[in-house]
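Peer 1: Predicted model follows, preceded by the sequence.
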Amino acid sequence: MKIKVAKNSGFCFGVKRAVNISLETTKLKEKVVTFGPIIHNPQMVSYLKKCGVGFVNEIDDIVDETVIIRSHGITAQDYKKLLKKRVEIVDATCPIVKKAQDFAKKLTQDGFRLVILGEKNHPEVKALLSYVDDNAIVISGPEKKISLQENQKIGLIAQTTQIEEKFEQLAVRLLKSCKELYVVKTICNATFIRQAETKELAKNVDVLFVVGGKNSANTARLAEIARAENCKTYHIETAAEIEEKSLKNINYLGIAGGASTPDWIIEDVKRRIKKIKKT
Ligand code: SF4
């Protein structure tokens, strides 16, 4: 059996940056917490905890710790609350996520009705909404219903981990129903590259293991893309989830890691697959 790992599996620039900022901060400060998980990977969050980076879900639970803001950002309201607490803040929000927030603000200020392709409950989208006072339409796919006023000027952006094809389809659809459309492709390049590689891999393998947090939007999207290619796909967090029966009668196996998946987990997955095949 041949195993092929997608070339760009694992940490993207923004995740690497957030993890490094967290580890560096623990060297300088006594008590360090992240507000919400720094990235959407439970194993990495546990590892960081061992290194001294705790995490809290509520601002009220923060007392005198240095607070690190996660890679996908926080809402404007939460940021204000943190400032009020007078705790030290280290912002690890990915610059690409920040850029999307800036575009959301700019388009709204310029009188565009903002439409965001994304998941309403994802922290990144919640943060985007907070910067425009919730004055935007969030749509999860180009096929979903959307109510717009006639002759509206529309500004379209996306959650950074969205699928490019869906974004383009939505842009075409909106173009037909508005007077003016301003599109900013806020999908990040790391996402785009990983999605393109996964699609290609899915076309050529018998089975694909997409590795990454179950709560990771970008990893879930990779699995969605692979399934759309009719490839037998398993979204797993760790090697322990691999069942022997899933490796039967396989000639060509692919592995794709999400942008928040540490290399060591991808290596573990590879090792376990080889071990099962040997025995
Ligand atoms: S996927 Fe892109 S936007 Fe998200 S953290 Fe990574 S580099 Fe930043």
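Peer 2: Sure thing, it's come through. Just so we're clear, the structure is a prediction, and the values are computed from it rather than from any experiment.

Peer 1: so the closest residue to the ligand within the chain is in which element?
Peer 2: Using C-beta to the nearest ligand atom, Gly14 is the residue of the chain that sits closest to the ligand, at 2.5 Å. (Each C-beta comes from the backbone N, C-alpha and C, glycine too.) Per DSSP states H and E, Gly14 falls inside helix 13-28.

Peer 1: What are the buried residues along that helix?
Peer 2: 14-19, 21-22, 25-26 (16 or more other C-beta atoms under 10 Å).

Peer 1: Which pair of those residues spans the longest distance?
Peer 2: Gly14 and Thr26 (19.4 Å; C-beta to C-beta).

Peer 1: residues from the chain in reach of the ligand?
Peer 2: Residues of the chain lying close to the ligand by C-beta under 6 Å from any ligand atom are 12-15, 71, 94, 96-97, 160-161, 188, 190-191, 218, 259.

Peer 1: who wins for neighbours among the residues you listed?
Peer 2: Within those, most neighbours by other C-beta atoms under 10 Å means Ala259, with 32 neighbours.

Peer 1: and that one, how far is that from Gly213?
Peer 2: Using C-beta to C-beta, to the nearest Å, Ala259 is found at 10 Å from Gly213.

Peer 1: shared neighbours of those two, anything?
Peer 2: Taking C-beta atoms under 8 Å, 6 or more residues apart in numbering as the criterion, Ala259 and Gly213 both touch Thr219.

Peer 1: so what does the helix or strand Leu129 falls within touch, helix or strand wise?
Peer 2: Counting by DSSP H and E, the element that carries Leu129 is helix 123-130. Counting contacts by 3 or more C-beta pairs under 8 Å, 6 or more residues apart in numbering; DSSP states H and E, helix 123-130 is packed against helix 76-85, helix 95-109, strand 113-117, strand 136-139.

Peer 1: Report the residue spans of the stretch 101-250 of the chain with pLDDT below the cut-off.
Peer 2: Within the stretch 101-250 of the chain, no stretch falls below the threshold (pLDDT under 70).

Peer 1: the helices in it, which residues?
Peer 2: Per DSSP state H, counting those that start in this stretch, the stretch 101-250 of the chain carries helices over the ranges 123-130, 164-176, 189-204, 217-228.

Peer 1: can I see the domain layout of the chain?
Peer 2: 2-10+190-278, 13-94, 96-187 (automatic domain parsing).

Peer 1: Show me which of the helices and strands packed on helix 123-130 has the highest average neighbour count.
Peer 2: Of the helices and strands packed on helix 123-130, the one with the most neighbours on average (mean count of other C-beta atoms under 10 Å) is strand 113-117, at a mean of 23.

Peer 1: re earlier: for the residue of the chain closest to the ligand, what are its contacts?
Peer 2: By C-beta under 8 Å, 6+ apart, the contact list for Gly14 reads 71, 94-97, 188, 190, 259.

Peer 1: what's the most distant pair in these?
Peer 2: Using C-beta to C-beta, the contacts of Gly14 span at most 14.5 Å, a distance reached by Pro95 and Ala259.

Peer 1: I figured Thr108 hits Val132, correct?
Peer 2: Yes - using C-beta atoms under 8 Å, Thr108 and Val132 qualify as a contacting pair, with a distance of 4.4 Å.

Peer 1: what touches both of the two?
Peer 2: Counting by C-beta under 8 Å, 6+ apart, the residues touching both Thr108 and Val132 are Leu114.

Peer 1: tell me the contacts of Cys188?
Peer 2: 12, 14, 94, 96, 160-161 are the contacts of Cys188 under C-beta under 8 Å, 6+ apart.

Peer 1: Since that was my last question, I'll sign off now.
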